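Chemist: With the sequence up front, the predicted model follows.
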Amino acid sequence: MDTETLKIFLHLTDSLHYGKTSKACNVSPSTLSRIVQRLENSVGELLFERDNRSVKLTQTGERFKKYAKETITKWESFQNSMANGKKVMIGEISIYCTITASYGVLPNILVQFRESFPNVHMKLLTGDSDNAIQKVLSEDTDFAVAALPDRTPEKLLFKKITDMYLKFVSPTIPWQYEMMIENNCIPWDEIPIIVTERGMARKRIDSWFKKRKTKPNIYAQVAGNESILAMVSMGFGIGIVPELILSKNFINRNVQVLNIKPELMPYSVGICVQKKRLANPVVRAFWDKI
């Protein structure tokens with residue numbers, strides 16, 4: 001059983017989509033099906049439950065996923081131990097983050113790491129920030145960009161990268177509340193507010209309104225900051241987003257930052273990893289570069 005087969009299997013466990021995995025791994029759908037069938041024959045049980053609409057891992061599949069990750073890690077560690085004299089680092093690391101973090105937090109770190117370790121493949125996974133820490137704890141990814149929680153789980157290490165400052169933004173197009181905005185007289189219980197669904201930013205927002213004993217008129221709760229900016233730019237309400245995204249996102253030309261006092265409390269963002277994963281030389285190399 002070769003490691004390339006295991007890597008294809010692991011990709012399928014993440015995508016749960018035969019078409020996406022066959023394209024990403026440069027194999028035909030029929031070849032991918034044969035790979036899965038051979039693995040299932042070797043294991044003696046089904047690894048996936050599949051029909052015309054969905055693919056999901058069986059309990060045996062979950063166990064084999066853990067085995068596949070451990071096998072690849074051990075193989076890469078062996079290769080690196082053999083290559084030490086040549087000063088070559090090979091292997092793969094995975095990083096989970098939001099779309100915002102992918103272009104606002106990670107680029108400089110990734111560039112520096114690639115320059116030092118060009119033979120290490122980096123796999124970027126994007127999704128909801130609220131899932132970041134759990135992705136690391138469940139070993140679905142090596143690293144995650146996440147907001148520093150009030151209490152860091154004992155299994156994790158966390159390196160702070162930056163502070164996220166939250167800003168109120170409003171549309172620059174004509175809309176019914178623009179006079180109130182200009183006069184800095186904002187009726188928070190009346191004017192529509194667009195916020196993130198959950199996460200550290202939402203905690204800061206809720207705390208801000210609670211301290212002012214105000215119940216805001218929440219018009220929409222969305223998953224991503226890009227969605228908030230898009231809705232604000234079309235005149236649906238006032239949004240609250242990290243300042244970082246305003247300097248990186250093209251939509252910001254249609255919104256303006258409001259001078260609201262007192263400002264929302266910032267929160268810290270960094271990269272977390274499971275302590276035990278640092279035994280892997282490739283994971284340790286990335287951690288040391290942060």
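Modeler: Nice, I can see it.
Chemist: Now Gln37: phi and psi?
Modeler: Dihedral angles of Gln37 (phi, psi; degrees, to the nearest 10) stand at phi -60, psi -40.
Chemist: Can you check the pLDDT for it?
Modeler: For Gln37, the model assigns a pLDDT of 89.
Chemist: Thr172: how many residues sit nearby?
Modeler: Thr172 has 15 neighbouring residues, counting by other CB atoms under 10 Å. Yep, even glycine has a C-beta here, placed from its N, CA and C like the rest.
Chemist: so what's it up against?
Modeler: Ser233, Asn254, Val255, Gln256 (CB atoms under 8 Å, 6 or more residues apart in numbering).
Chemist: For it, report the pLDDT, please.
Modeler: For Thr172, the predicted pLDDT is 90.
Chemist: Roughly how far does it sit from Leu258?
Modeler: 11 Å (CB to CB, to the nearest Å).
Chemist: With Lys123 instead?
Modeler: 39 Å.
Chemist: what does Thr21 give?
Modeler: Going from Thr21 to Leu258 by CB to CB gives 45 Å.
Chemist: the more surrounded of those two?
Modeler: Between Thr21 and Leu258, counted using other CB under 10 Å, Thr21 has the larger neighbour count: 23 against 16.
Chemist: residues contacting the more buried one?
Modeler: So Thr21 contacts Ile8, His11, Leu12, Ser15, Leu32 (CB under 8 Å, 6+ apart).
Chemist: Thr214 now?
Modeler: Per CB under 8 Å, 6+ apart, neighbours of Thr214: Trp188, Asp189.
Chemist: so which strand or helix has it?
Modeler: Assigned by DSSP states H and E, Thr214 belongs to no helix or strand.
Chemist: Equivalent analysis for Asp140, please.
Modeler: Using DSSP H and E, Asp140 is not contained in any helix or strand.
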